[in-house]
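Q: With the sequence up front, the predicted model follows.
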2 protein chains.
Amino acid sequence: MSERGRDDQELDLLNAFWIKTAPRRGRNVSLTERMEPHAVRRVGQDSPLAVTFAGGATGGWRVDRVEQVRGEGLDRVPRLAVVEGSGAPIPSGARWVLQGVTSNERYATEQEREALLAVQEPLGRPSATRAALIPIKKSVNWWALAQDERRAIFEERSHHIGTGLGYVPAIARRLHHSRDLGQPFDFLTWFEYALTAADAFEELVGRLRATEEWAYVEREVDVRLIREPSTAILRSPSG
Amino acid sequence: MSERGRDDQELDLLNAFWIKTAPRRGRNVSLTERMEPHAVRRVGQDSPLAVTFAGGATGGWRVDRVEQVRGEGLDRVPRLAVVEGSGAPIPSGARWVLQGVTSNERYATEQEREALLAVQEPLGRPSATRAALIPIKKSVNWWALAQDERRAIFEERSHHIGTGLGYVPAIARRLHHSRDLGQPFDFLTWFEYALTAADAFEELVGRLRATEEWAYVEREVDVRLIREPSTAILRSPSG
């Protein structure tokens, strides 16, 4: 489905389907909007978690900027809602809705994963008031490569995991897979960090974009966010 | 969603959603029910193809038997419909509906893939009047393994690809991924072969089930099929 111009009728349909089937999927539903700390999930050890990113008028993250890095961009919106669980309702009136699922590791070796797990921090840290949603679509040529070829480009030649390791625990991350869901992007990458790590995050993004792996990225949008509960209901009566 | 007892209301909802969003997904829709030859698709070179397997009263494949191999089975049904494309309507009244998507290679090396491509045949051969739909769910322990660990079990120790290579071109196959879709199975494996290859197929299935990889399979159902267009509309007026 498109990330643009999704109308309310379609959203209602999607909500109705997901809500109706949610009990059978056995997923837990939680809204990060409620500012609850994220449960610590080790990706690959649980069922895939469906996550919806809805750009629009509501949500716990205020949009600082939307940058069109490569290919078609995304409409600028004031706020972003992050909705976990396939049974959770998607905010109506969203300008764009992107969906993905956490899944098993695709490239990391046991050694690399253990190195990450030893130092990485969970999402939802109170200090992490900054976030980035960077949706990425890779080319047909990337997906036509065999597993060993993709792994060689990803790590042996582009050092994706190795580079990222230098930025944990300051930067927490979670990867969401979208390609098999028929979505416009292949991945929805999500990062959370404190304001003090903002420069480090820019450096990390810059280093990854300069790699051989990134030559296969044909669409990329960079959405920067500031954690800020909606103030609409907090205004004083005189306001 | 569950594979059992899906009611018509839910199917209508799912159909409505998929049909409404199909044009945006840009998928081609075709029904194998029409006995059209399958397009030759090199998995990984195209967008993922959504495929729905609906067990019920209609469909181009007559169900020969439904065997509960491990874990919960599937209801016995008279026929199976195989519907390609996310925009295609799912037959109403189905007893169970399983959905998956073709996707990129997850384990095969370039060398292994080239060996397969050199000899494998496409789906839809007129001589391939027999088929098997074998849905499989692997354990939490499997999905908790890193990529290199799964690869080692899959090929270096269980010889999944190497064993399969001995049975092409007689047996054509297509793998559908379901885990990230929130489905009850992780994979929907599909095989087509001529009656003369039926013994070879039994041997292949038996060899795979005896591997270390299969120790991680916690649910498996074996649905055997005979290609046979529905005769309901072919009966003579006197019949």
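A: Okay, I see it.

Q: what helix or strand is the closest residue to residue A:65 other than its chain neighbours on?
A: Among residues not flanking residue A:65 along the chain, residue A:224 sits closest, at 5.0 Å (Cβ to Cβ, 6 or more residues apart in numbering or on different chains). Bear in mind the C-beta positions are built from the backbone N, C-alpha and C, glycine included. Element membership for residue A:224, per DSSP states H and E: strand A:217-227.

Q: Grab the CA positions of that strand and hand them over as PDB.
A: Only the C-alpha atoms of strand A:217-227 are listed here, as PDB (Å, rounded to 0.1, in the frame of the first residue of the first chain):
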ATOM      1  CA  VAL A 217      19.800   1.900  -1.600                       C
ATOM      2  CA  GLU A 218      17.400   3.400  -4.100                       C
ATOM      3  CA  ARG A 219      15.000   5.200  -1.700                       C
ATOM      4  CA  GLU A 220      15.700   6.700   1.700                       C
ATOM      5  CA  VAL A 221      13.900   9.200   3.800                       C
ATOM      6  CA  ASP A 222      15.300  10.600   7.100                       C
ATOM      7  CA  VAL A 223      12.600  11.600   9.700                       C
ATOM      8  CA  ARG A 224      14.000  13.200  12.800                       C
ATOM      9  CA  LEU A 225      12.000  13.300  16.000                       C
ATOM     10  CA  ILE A 226      11.800  14.800  19.500                       C
ATOM     11  CA  ARG A 227      10.000  12.900  22.200                       C
END
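
Q: what packs against that strand?
A: Where contact means 3 or more Cβ pairs under 8 Å, 6 or more residues apart in numbering or on different chains; DSSP states H and E, strand A:217-227 is packed against strand A:61-70, strand A:130-138.

Q: That strand pairs with which strands, and in what direction?
A: strand A:61-70 (antiparallel), strand A:130-138 (antiparallel) (DSSP bridges).

Q: So what touches the last one?
A: Okay, so that is strand A:130-138. Applying Cβ atoms under 8 Å, 6 or more residues apart in numbering or on different chains, the contact partners of strand A:130-138 are A:53, A:61, A:69, A:71, A:74, A:80, A:98, A:178, A:184-195, A:197-198, A:201, A:205, A:216-227.

Q: can you do 6 Å?
A: The contact list for strand A:130-138 (Cβ atoms under 6 Å, 6 or more residues apart in numbering or on different chains) reads A:53, A:98, A:185-193, A:195, A:198, A:216-225.

Q: Distance from the chain centre to that strand, please.
A: Centre-to-centre, strand A:130-138 and its host chain are 6 Å apart (Cα atoms, centre = their mean, to the nearest Å).

Q: Ok, stretch A:130-143 next?
A: Put simply, stretch A:130-143 sits 10 Å off its chain's centre (Cα atoms, centre = their mean).

Q: Can you tell me what sits against stretch A:103-119?
A: Residues outside stretch A:103-119 that contact it (Cβ under 6 Å, 6+ apart): A:44, A:48, A:151, A:154, A:161, A:168-169, A:177, B:143, B:146-149, B:180.

Q: ok so, going back, tell me who's in contact with the residue nearest to residue A:65.
A: Contacts of residue A:224 (Cβ under 6 Å, 6+ apart): A:64-65, A:132.

Q: For those residues, give me a markdown table that also has pLDDT, neighbour count and distance to residue A:104.
A: Formatted as a markdown table, the contacts of residue A:224 follow (pLDDT from 0 to 100; neighbours: other Cβ atoms under 10 Å in any protein chain shown; distance: Cβ to Cβ, whole Å):
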| residue | pLDDT | neighbour count | distance to residue A:104 |
| --- | --- | --- | --- |
| A:64 | 98 | 13 | 32 |
| A:65 | 98 | 9 | 33 |
| A:132 | 98 | 21 | 23 |
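
Q: Would you map the helices across chain A?
A: With DSSP state H as the criterion, chain A has helices at A:8-25, A:110-119, A:140-143, A:147-151, A:160-165, A:198-209.

Q: just for chain A, where's the confidence low?
A: A:1-45, A:230-239 (pLDDT under 70).

Q: change it to 80
A: A:1-46, A:229-239 (pLDDT under 80).

Q: List the buried residues of stretch A:86-101.
A: Using 16 or more other Cβ atoms under 10 Å in any protein chain shown as the test for burial, stretch A:86-101 gives A:86-91, A:94-101.

Q: Kindly report the same for stretch A:132-152.
A: The neighbour-count check on stretch A:132-152 (16+ other Cβ under 10 Å) flags A:132-138, A:142-148, A:150-151 as buried.

Q: same thing with stretch A:210-224?
A: Across stretch A:210-224, burial judged by 16+ other Cβ under 10 Å covers A:211, A:213-214, A:216-224.

Q: now stretch A:113-127
A: Neighbour counts over stretch A:113-127 (16+ other Cβ under 10 Å) mark A:113, A:115-116, A:120-124 as buried.

Q: do the same with stretch A:186-196
A: Neighbour counts using 16+ other Cβ under 10 Å place A:186-194 of stretch A:186-196 among the buried residues.

Q: Touching that stretch from outside, list them.
A: In contact with stretch A:186-196 (Cβ under 6 Å, 6+ apart) are residues A:98, A:100, A:123, A:127-128, A:130-138, A:170-176, A:178-179, A:201.

Q: likewise stretch A:139-153?
A: Contacts for stretch A:139-153 (Cβ under 6 Å, 6+ apart): A:107, A:212-213, A:216, A:218, B:44-45, B:104-105, B:107-110, B:113.
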